[in-house]
Each structure stands twice: as structure tokens, then as C-alpha cells.
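> following is a predicted model, sequence given first.
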Amino acid sequence: EHPFSGSWGYQTVGYYSVTSRYGTPQDFMYFVDLCHQNGIGILLDWVPGHFPRDGHGLAQFDGTSLYEHADPRQGEHRDWGTKIFNYGRHEVRNYLVSNALFWFDKYHIDGIRVDAVASMLYLDYSRDDGDWLPNQYGGRENLEAIGFLKQLNEQAHLQHPGVLTIAEESTAWPGVSRPTYLGGLGFSLKWNMGWMNDTLGYMRHEPVHRKYHHDELTFSLIYAFHENFVLPFSHDEVVHGKGSLLDQMPGDLWQKFANLRLMYSYMWTHPGKKLLFMGCDFGQWNEWNYDASLQWDLLQWESHQGLSKCVADLNHLYRREPALHQLDFEGSGFEWIDCHDHENSTLSYVRRGMNPDEFVVVACNFTPVPRVGYRHGVPRPGWYEEIFNSDSTFYAGSNMGNAPGVAAETISSHGRPASIQITLPPLATLVFKAK
């Protein structure tokens, strides 16, 4: 068993064992199988970056530093009080690679999210001068860990085609989600921590001040296609005094929910795959507490029900519309319509699918001021159906909008041959589809 519940399972002792806190290995197999039968994939949070010192684990396994480095400048993680694997030993790499393959093989896991990759890549990660040893070339890169990660990804994709390997990597290390034969680390996806920090930072501002921080929204598109990104609102954003996502939103009660629906709908229409931590989907008020249940009782209230319906409908919309998912990692799947309207804190853009005629138009209003008669350029004339409105009464919004849709006129705008004149609801996202 992992020794400390407060580690949330991140201090792993038995890498090949399922925790008995929730049942037997067979119970877990049944759980995975039942999820698969219902179209749900299972990703495992996997921690090869460090392990605890406990005597019943891997530390000093045979009385010597067998799995870890003997030198604390290489073998100890100061922040977490844990040991670091010696990735230069063939036996250690074999142990870890075999472990990942074990979960794919025996439990039919669909993918792994590799924790704290940045701490593995850099020898000086979170260390003071003099507390780390450079590599053979005098650099700070952990060459042995890099070799291990490449080997892990090569074997995972070779032996279990179709699985996902996802890196929680918070630096600008190049090619994390590029194939090893092109010089990358070989991961399928990489967490976009920059997008997460910028977006949350922007949304925490009072709407009246957001026009001074417009670049926090637009900057992500400069690098959005450098990697295969996941947009993550994870457990780390709702712990350690940060508050829940709902509680981090500014404004009165109505505005907090409207801001959260706006942020989620902006996220779902932004290039990249989506990750949302449990409880955020219905607007939990409390920070996540590993010792307590989620606040399911909140779903008795219309505002929380509305947020939950909004997230569910965004999932259906994302799956249904090829323009929202087919080209998440390619620049041809995204076009700005207007990214310069900082004064009114609005954004508008086009998302396209593999068929360039398959597109949707997205418009976001990051203020509580309705924008009536707002003109946006669109790719072509015709009828544009409003297929999503985060301000809908179904989501406990104010129900402003353009239902069932608007006709595009041959009036050029934003450098496009046609345009639509719409009502942008307060703190809301609209999605239109050309018919």
C-alpha cells in the first residue's frame, strides 16, 4: 500500500499492485471492463519520477541504493522527501518500462498520464546551486531519464498500438509529443500548463479589468500547435488554498456560474484535448478534499444542474462536430476572426475540420455587458444556426441569444466576404454552424 493518503497515491510503493483500499485486482479488472462496455476509456496516473523512502518499498531494497542514486544530489527529491530512480541502470529502466506495459497488458488500461516529467528532465529541477551534478557534457539535462522516457514511449506504442501516453510537463522542452525518430520524447499528448495558468489568471480578473489582460487569452494561439496539447484543469487547481474553480470566479452568484460556463465553453472550442477534474463539472464550492465525498447534494440547485448540463452538452457538441476535434493539433483547424477587440473583451474565431467546408464560428463575451448588433465576419454567406449558447435558460443563464440562428449578409467584415450581426449575451460563448 502507498503509505500516505495525503499524497493522493503519488507516493507509490507497489508499482505492480492495485490498492486494496477499493477492492481486489479482479474488482479493478471488472471496473475497467465495465467502463469499456459503456464507451469509457481509463487513463492511469503513473509516477516514475520518484518513490517514497518507506522500508516496505523500493528504498534501500537490498540494503544498498539499488533503485535510487546513492548520491543525494541525484537520488533525493528535496520538495517531496522522496527518492529518485537511477534511470542509468538497465534493471531500473526495465522495471519501470515493464510496469507500464503490465498495466496495458493485464488491466487493459487505455493510457497513462506520466506525472512530473519536468522533474525528470532536469538535473537541477528545484535545486540550489551546488546541490546537483551536471551531465557528462556539463549540462543540466538528465540524459538517462530522457533515454528512459523515449524507451517507454517506443515500447508502449509498439506493443500496444493506440494507447495514449500523456506528459505532465510544465517547461518549454521541445518535442515532448513528437516521435522519437524525429528527436522527440515520443508522448502522445502534453499538458498545456501555460494555457491553464493564463486562462485562470484572466478569468480571476473582474470583467471591468479584463481589457487590460486580453493578451492572456490570445497568447496561447502563438504556440498552440507546437505540441499535441491537453488543456488541463486538474486537481492541482482546486487544492492548497486556491479554492474551487467556481469560487475563483469573480462577481455575484449569477456571474460566478456564468463565468464558469463561459470558461468551459471557451476551453471546449479552443484547440487541444480537454481535461476537467471531478466536481468542477457541477460547480463544487469546496476545495477538493481527498478525505471527503464530492458535494453531490449541490445538484438539487438549478444553478449547479445548469452547469452540469452545460458540460454534458459541450461534450456532445465536441464529439458531434468534426470541426471541434479533428484538427486540434494543426493550425489549419483554427482561424481568428477578431482577436483585437480588447476594449470590449470579446473573441471570435473559426474552427475547421478535415473537410475545410466543415466549420463552426465561435464568439465569446468576457464581460457582463450584452453586445447587441455585434457584427462578425464569416467565411461565406448563408444561414448560421446557433448550435450552442452558454447563456441558455437550460444552463440557468439569462437566455439572451440568436435562436434559431442568423442569416449572413454579403457585407464584408474582418477581412471576410460575409458577416453576421448577432447579440452576444453577457459572460457567454456562442457557437454557430453554417447550413
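Done, it's in. These numbers were taken from a predicted model, which means no experiment stands behind them. Residues are numbered from 1 along each chain as shown.

> test my guess that Met120 contacts Ala145.
Yes: here Met120 reaches Ala145: they are 4.3 Å apart, a contact under Cβ atoms under 8 Å. Using the backbone N, CA and C atoms, a C-beta is placed for each residue, glycine as well.

> spit out the residues that contact these two alike.
Residues within reach of Met120 and of Ala145 at once, by Cβ atoms under 8 Å, 6 or more residues apart in numbering, are Tyr87.

> output the below-cut-off pLDDT ranges for the stretch 251-400 of the chain.
Nowhere does the stretch 251-400 of the chain drop to pLDDT under 70.

> which residues in it form helices?
Under the criterion DSSP state H, counting those that start in this stretch, the stretch 251-400 of the chain contains helices at 253-269, 302-320, 322-325.

> quick one: closest of those to Tyr22.
helix 302-320 (24.8 Å; Cβ to Cβ).

> in that closest one, what's buried?
For helix 302-320, burial by neighbour count (16 or more other Cβ atoms under 10 Å) applies to 303-311, 313-314, 317.

> residues in contact with that helix?
By Cβ under 8 Å, 6+ apart, the list of residues contacting helix 302-320 reads 246, 253-254, 257, 260-261, 264-265, 268, 274, 276, 281-283, 298-299, 324-325, 387-388, 390, 394-397, 431.

> are any of the residues you listed buried, and if so which?
Neighbour counting by 16+ other Cβ under 10 Å classes 246, 257, 260-261, 264-265, 268, 274, 276, 281-283, 298, 324-325, 387-388, 390, 395-397, 431 among the contacts of helix 302-320 as buried.

> tell me the domain boundaries of this protein?
The chain breaks down by automatic domain parsing into domains covering 5-191, 331-434.

> excluding chain neighbours, what is closest to Arg380?
Nearest residue to Arg380, sequence neighbours excluded (Cβ to Cβ, 6 or more residues apart in numbering): Ala418, at 5.8 Å.

> how many neighbouring residues does that neighbour have?
A count of nearby residues for Ala418, using other Cβ atoms under 10 Å, gives 20.

> all further residue positions should be reported with the first residue as 629.
Sure, I'll start counting at 629 from here, so that last one is Ala1046.

> which strand residues bridge it?
On DSSP bridges, the residues paired with Ala1046 through beta bridges are Val1006.

> surely it touches Glu1037?
Yes: the criterion here is Cβ under 8 Å, and Ala1046 meets it with Glu1037 at 6.4 Å.

> mutual contacts of these two, please.
Taking Cβ under 8 Å, 6+ apart as the criterion, Ala1046 and Glu1037 both touch Pro1009.

> quick one: low-confidence parts of the stretch 629-778 of the chain?
For the stretch 629-778 of the chain (pLDDT under 70), the answer is none.

> which residues of it fall in strands?
Along the stretch 629-778 of the chain, counting by DSSP state E, counting those that start in this stretch, strands occupy 671-674, 704-705, 710-711, 739-742.

> chain center to the third one: distance?
Taking Cα atoms, centre = their mean, to the nearest Å, one finds strand 710-711 lying 27 Å from the centre of the chain it belongs to.

> by contact count, what packs against it?
Here strand 710-711 touches strand 704-705, going by 3 or more Cβ pairs under 8 Å, 6 or more residues apart in numbering; DSSP states H and E.

> tabulate the strands of the stretch 629-778 of the chain (TSV), appending mean neighbour count and distance to Ser648.
Converted to TSV, the strands of the stretch 629-778 of the chain look like this (neighbours: other Cβ atoms under 10 Å; distance: least, Cβ to Cβ, whole Å):
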stretch	mean neighbour count	distance to Ser648
strand 671-674	17	17
strand 704-705	18	26
strand 710-711	22	22
strand 739-742	22	21
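
> dump these into TSV; add distance to Trp819 as well.
Output for the strands of the stretch 629-778 of the chain, formatted as TSV (distance: least, Cβ to Cβ, whole Å):
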stretch	distance to Trp819
strand 671-674	12
strand 704-705	20
strand 710-711	21
strand 739-742	8
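
> so for Gln639, which of those strands sits nearest?
That would be strand 710-711 among the strands of the stretch 629-778 of the chain, by Cβ to Cβ, at 6.4 Å.

> what's the closest one in contact with?
Contacts for strand 710-711 (Cβ under 8 Å, 6+ apart): 639, 678-681, 686-687, 695-696, 703-705.

> PyMOL command for the buried members of those residues?
The PyMOL selection below is limited to those of those classed as buried (16+ other Cβ under 10 Å):
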select buried, resi 639+678+679+680+686+687+695+696+703+704+705
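
> ok, which pair from the contacts of strand 710-711 is furthest apart?
Greatest spatial distance among the contacts of strand 710-711 (Cβ to Cβ): Gln639 and Gly703, at 15.7 Å.

> Arg838: neighbour count?
By other Cβ under 10 Å, 20 other residues sit near Arg838.

> number of residues surrounding the closest residue to it other than its chain neighbours?
Spatial nearest neighbour of Arg838, excluding adjacent residues (Cβ to Cβ, 6+ apart): Ser973 at 4.5 Å. By other Cβ under 10 Å, 24 other residues sit near Ser973.

> same check, this time on Tyr1012
26.

> that one bridge partners, please.
Tyr1012 has these beta-bridge partners by DSSP bridges: Val1034, Ala1062.

> and the one 4 residues further on, by the same measure?
Applying DSSP bridges to Phe1016 yields these beta-bridge partners: Val1059.

> so it touches Pro1053, yeah?
No: using Cβ under 8 Å as the test, Phe1016 is too far from Pro1053 to be in contact (11.8 Å).

> run a quick check on the residue nearest to Arg838 versus Tyr840, I expect a contact.
No: taking contacts as Cβ under 8 Å, Ser973 lies outside contact range of Tyr840: 9.7 Å.

> enumerate every residue touching Leu686.
Applying Cβ under 8 Å, 6+ apart, the residues near Leu686 are 641, 679, 694-696, 711.

> can you do 7 Å?
Applying Cβ atoms under 7 Å, 6 or more residues apart in numbering, one finds that Leu686 lies in contact with 679, 695.

> roughly how far does Gly934 sit from Ile1039?
From Gly934 across to Ile1039, the span is 35 Å (Cβ to Cβ, to the nearest Å).

> now Glu958
Relative to Ile1039, Glu958 is positioned 30 Å away (Cβ to Cβ).

> before we move on, what about Arg706?
In terms of Cβ to Cβ, Arg706 sits 62 Å off from Ile1039.

> repeat that for Lys901.
Look at Lys901 and Ile1039: by Cβ to Cβ, they are 36 Å apart.

> these two: which is more packed in?
Counted by other Cβ under 10 Å, Lys901 and Ile1039 do not tie: Lys901 has more neighbours, with 19 against 14.

> which positions are bridged to the more buried one in the beta structure?
Beta-bridge partners of Lys901, counted by DSSP bridges, are Val858.
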